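Asks: Predicted model, plus sequence, below.
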Amino acid sequence: MALAVDTSGPGAAPSAGTGRPVIEARSLGLTFETADGPVQALSDVNLTIGKGEFVSFIGPSGCGKTTFLRVVADLEQPTSGDIKVNGLSPEEARKARSYGYVFQAAGLYPWRTIEKNVALPLEIMGYSAAERRQRIARTLELVNLKGFEQKFPWQLSGGMQQRASIARALAFDADLLLMDEPFGALDEIVRDHLNEQLLQLWERTNKTICFVTHSIPEAVYLSTKIVVMSPRPGRVTDVIESTLPKERPLDIRETPEFLAIAARVREGLRAGHSYDE
Amino acid sequence: MTATTPIAAPGSAIGRVSGPSLWARLSQGSTVPILLVLAVIFVIWYAFTIYLNARWQFQVFDRAGAEFTAWEFIVGTMSQDRPVLPAPHQVAVELWNTIVGQNITSRRSLVYHAWITLSATLLGFLMGTLLGMGLAVLIVHNRATDRSLMPWIIASQTVPILAIAPMVVVVLASIGMTGLVPKALISTYLSFFPVVVGMVKGLRSPEFLQLDLLRTYSASRWQAFWKLRFPSSLPYLFTSMKVGVAASLVGAIVGELPTGAAGGLGARLLAGSYYGQTVQIWSALFMAAALSATLILLVGLVQRIVLARMGGQP
């Protein structure tokens, strides 16, 4: 019972869907062949994400939210349907360096300093030394890590390491940022802080962000669009356009508007669960 | 604190001024345990010296028909020319005489023989390490080589080296290769194995996340190797090289056994056993152990320097 997604729902944020969509999935499916038989990680997913949107993917484990992100990144191959990233196939988009990917763990190289870690994609992509220096300085400032260039990862806290990994994903100026539960392993206070910073960063850079999370408040706080997903088979059960303003102080989370959206997300998650049990 | 503390007056406790006392620092480190073990070894060794050499000593006194005291007997067991087990101080005297007491170019010098063995060890270790690294790279980057090479590499180490070594030396001698190279090849044979195993493990140590990350950058295999796999493998490589360098020395000594009088610690061991020169055998053994320990320490030192430059956590 997959839903065809209507992007022009009530109260759609004005940022949604201007010009060519950044991500366009049409009846996308992905089935893993495992020893216990086939597992449908994604089933009939239809989704359009416009430029400048902040889209959260929320759902229980196994709902395919990470798999969807990995398909966009060309780290998994879909088995049916069609997906376009910037109008290209995921592979072409990857080779065109259209996205930066932030993983669950920071995954910094322990033998490289913070600035050398940010330099990694730039080295691989063949930027000149001067260009690298300039980009490192700019992105480290963007994630508030100025002054930590010469530190090694183990000298930084978990939150700072994750910020460095975001800087690494931003360094080569891809317009699309894919984030797979980047703050999942951090404590709530650090997380709030990073969420606030992420919103500021999004506002300043006008990037399109896809953000996988387990947390309802996080999803509602950050997003212009919330994609609610459900497992077995992994599918989209609801797409919620946020009515919250772009300017979001942390205490917006106590407003009735915020709570109403959170309630709808929770309802969507519950509906997905009852389907199964 | 050191700037304001006055120099200790004579008679005051030394430890008060310079932080923890010498004794406290010694007992915290590994010095005291090591010395303790060493003392125990010496006690056991001397006890066995008396026990093992006693029979010959009885015969000596018997033939002379002389009365002897217990002390004379004990001293006697520790000063035989060809004892079953020489006493530590006999070995020490032999080491002193053959290391310091001889010109190092003399065939009577232990340094001369040690250098012959060391040169073969170093050449073999270098070749073994390079061979091991090369094989590891092939194995990690190619499924076919992984399947075809690895079983042979493991099988190669099940062959007893003592059986192979004489054949290698004899075969190579028949095609005109003598001296350093055959011994170095046996060292290579022993030392490449730990390097292959450690390096393969090291090159495969990056997590999926790390490899996925490089894929999102569309990095080439070459870039993935130099930026990720090779640096990740270095801690494993150094650990293997420590094993490899010790195996290399064993290989060089084994390679010297069938060459007879050509020189080297192996030749020294062989000559010693021909003529019952147990003191000479033991001093050669100690020289080999010292060489081995020094080589391992040197590899460890390089490891510390390299890993510290790679931001190693203290």
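Replies: On my side now, so go ahead. Numbers count the residues shown, from 1 in each chain, chains lettered A, B, ... in the order given.
Asks: going forward, measure contacts between C-alpha atoms and count neighbours the same way
Replies: OK.
Asks: In the stretch 201-314 of chain B, what residue spans correspond to strands?
Replies: For the stretch 201-314 of chain B, applying DSSP state E, counting those that start in this stretch gives no strands.
Asks: how about the helices in the stretch 51-200 of chain A?
Replies: For the stretch 51-200 of chain A, the helices defined by DSSP state H, counting those that start in this stretch cover A:65-72, A:90-95, A:114-124, A:129-142, A:158-170, A:188-205.
Asks: Flag every residue of the stretch 101-250 of chain A that's near chain B.
Replies: A:Tyr101, A:Phe103, A:Gly107, A:Pro110, A:Trp111, A:Arg112, A:Thr113, A:Pro121, A:Ile124, A:Met125, A:Phe152, A:Trp154 (Cα under 8 Å from any Cα of the partner chain).
Asks: Whichever of those end up buried, select them in PyMOL.
Replies: Buried residues among these (16 or more other Cα atoms under 10 Å in any protein chain shown), as a PyMOL selection:
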select buried, chain A and resi 101+103+107+110+111+112+113+121+124+152+154
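Asks: of the residues of the stretch 101-250 of chain A next to chain B, closest to chain B?
Replies: A:Trp111 (4.5 Å; Cα to the nearest Cα).
Asks: Which pLDDT value belongs to that closest one?
Replies: For A:Trp111, the model assigns a pLDDT of 92.
Asks: How about the one 5 residues further on?
Replies: At A:Lys116 the predicted local distance difference test score is 94.
Asks: Flag the shaky bits of chain B, pLDDT-wise.
Replies: B:1-20, B:259-261, B:313-314 (pLDDT under 70).
Asks: follow-up on the earlier one: out of the helices of the stretch 51-200 of chain A, which is the most enclosed?
Replies: helix A:158-170 (a mean of 24; mean count of other Cα atoms under 10 Å in any protein chain shown).
Asks: where along the stretch 101-250 of chain B do the helices fall?
Replies: B:110-141, B:143-156, B:161-174, B:180-203, B:208-216, B:221-224, B:230-256.
Asks: Mind putting those into a markdown table with distance to chain A and mean neighbour count?
Replies: Below are the helices of the stretch 101-250 of chain B laid out as a markdown table (distance: least, Cα to the nearest Cα, whole Å; neighbours: other Cα atoms under 10 Å in any protein chain shown):
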| stretch | distance to chain A | mean neighbour count |
| --- | --- | --- |
| helix B:110-141 | 19 | 22 |
| helix B:143-156 | 21 | 13 |
| helix B:161-174 | 39 | 16 |
| helix B:180-203 | 14 | 26 |
| helix B:208-216 | 6 | 17 |
| helix B:221-224 | 7 | 14 |
| helix B:230-256 | 8 | 25 |
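Asks: wait, doesn't B:Ile253 sit right on B:Leu270?
Replies: No. With contact defined as Cα atoms under 8 Å, B:Ile253 does not reach B:Leu270; the gap is 10.1 Å.
Asks: which outside residues touch stretch A:47-61?
Replies: A:5, A:7, A:15-26, A:65, A:206-216, A:219, A:222-231, A:269 (Cα atoms under 8 Å, 6 or more residues apart in numbering or on different chains).
Asks: out of these, which are inside strands?
Replies: A:23-26, A:208-213, A:225-230 (DSSP state E).
Asks: Now flag whichever of the residues of the stretch 101-250 of chain A next to chain B is closest to B:Ala293.
Replies: Closest to B:Ala293 out of these is A:Trp111 (28.7 Å), distances taken as Cα to Cα.
Asks: residues contacting the residue nearest to that closest one when sequence neighbours are not counted?
Replies: Among residues not flanking A:Trp111 along the chain, B:Met310 sits closest, at 4.5 Å (Cα to Cα, 6 or more residues apart in numbering or on different chains). Contact partners of B:Met310, counting by Cα under 8 Å, 6+ apart, are A:Pro110, A:Trp111, A:Arg112.
Asks: was I right about the second one contacting B:Gly311?
Replies: Yes. At 5.1 Å, A:Trp111 counts as touching B:Gly311 under the criterion of Cα under 8 Å.
Asks: Show me whatever sits in contact with both of the two.
Replies: Going by Cα under 8 Å, 6+ apart, residues that sit against A:Trp111 and also against B:Gly311 are A:Phe152.
Asks: circling back to that earlier point, roughly how far apart are the residue nearest to A:Trp111 and B:Pro33?
Replies: According to Cα to Cα, to the nearest Å, B:Met310 stands 32 Å off from B:Pro33.
Asks: what's the answer for A:Leu178, then?
Replies: Taking Cα to Cα, one finds A:Leu178 at 56 Å from B:Pro33.
Asks: More neighbours: which of those two?
Replies: A:Leu178 (23 against 13; other Cα atoms under 10 Å in any protein chain shown).
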